[in-house]
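1. With the input below, show me the fold.
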Amino acid sequence: MDKNPDPAKAGLRRDMRARRDALAATDVALASQEVAARVLALPAYRAAREVAAYLPVQNEVDAALVAGQALADGKRLLLPRCRSQAPGLLDFGCVTCLSDVVPGRFGILEPREAVCRPPQAFAPDLILVPGLAFDAQGRRLGFGGGYYDRLLALPQIARAFSVGLAFDFQLVAALPADPWDRPVNAVVTDRQTTLIPA
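-> Presented below is the predicted three-dimensional model:
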């Protein structure tokens, strides 16, 4: 999506990725547990019947903790898959077990292609969103591929309560924004929950 990358965004991506990559595995695990506890306490989680999550890669906050609890709570769980031959687009697979995944593009664990359908086929109530940084207005800095900006722009997905998951240092005062950027409804870190005014 970033055909002409903003130098400010590019620099922030480098800095945030370096800080995240430098985290010890024990720190990632402890912070992820705190993030998960905060997400599970959200009214939007308790009310959700269908939850879209992701499986972590490269020291991301471990959304599998929420995904596993969603399955235990009897919620329908959706996981994303990068669409074959269509860079920038995600499909969803409905899974009943977190081990029912295979390595996909970028080394991310994804549902098997055979169980995936376009996101328009689903209507999640809650969607967990990864990112390199978020700000207090709900703006998100991703990797520049536009996957989640396109996903969050879809009418069936836009009605969901979207939650950005981050380590506390990834929540910044303000991020540079582009017209296609899609903000989240809340940002949850290991130290705080920030609800974005509608």
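
2. Any buried residues in stretch 155-169, and which?
-> Taking 16 or more other C-beta atoms under 10 Å as the neighbour-count basis, stretch 155-169 is seen to contain the buried residues Ile157, Ala160, Phe161, Ser162, Val163, Gly164, Leu165, Ala166, Phe167, Phe169. Yep, even glycine has a C-beta here, placed from its N, CA and C like the rest.

3. For those, work out which two are farthest apart.
-> Using C-beta to C-beta, the pair of these lying farthest apart is Ile157 and Phe169, separated by 27.7 Å.

4. after the helix or strand bottoming out on mean pLDDT in the chain, next one along is what?
-> Taking mean pLDDT, DSSP states H and E as the measure, the chain has helix 155-158 as its least confident helix or strand, at a mean of 90. For helix 155-158, the succeeding helix or strand toward the C-terminus, using DSSP states H and E, is strand 161-165.

5. Just the mean pLDDT for that next one, thanks.
-> Model confidence over strand 161-165 averages 98 on the pLDDT scale.

6. Send me it as PDB with only the CA atoms.
-> As requested, the backbone C-alpha atoms of strand 161-165 are provided in PDB (Å, rounded to 0.1, in the frame of the first residue of the first chain):
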ATOM      1  CA  PHE A 161     -14.800  -3.900  17.300                       C
ATOM      2  CA  SER A 162     -11.100  -3.800  16.300                       C
ATOM      3  CA  VAL A 163      -8.400  -4.000  19.000                       C
ATOM      4  CA  GLY A 164      -4.700  -3.300  18.300                       C
ATOM      5  CA  LEU A 165      -2.400  -5.400  20.400                       C
END
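
7. what residues does it touch?
-> With contacts defined as C-beta atoms under 8 Å, 6 or more residues apart in numbering, strand 161-165 is touched by 35, 39, 42, 44, 48, 60-61, 63, 125-131, 134, 138, 140, 152, 184-189.

8. just stretch 6-23 next, same as before
-> Taking contacts as C-beta under 8 Å, 6+ apart, the residues outside stretch 6-23 that touch it are 2, 31, 58-60, 132-133, 141, 143-144, 167, 169-170, 175-176, 178.
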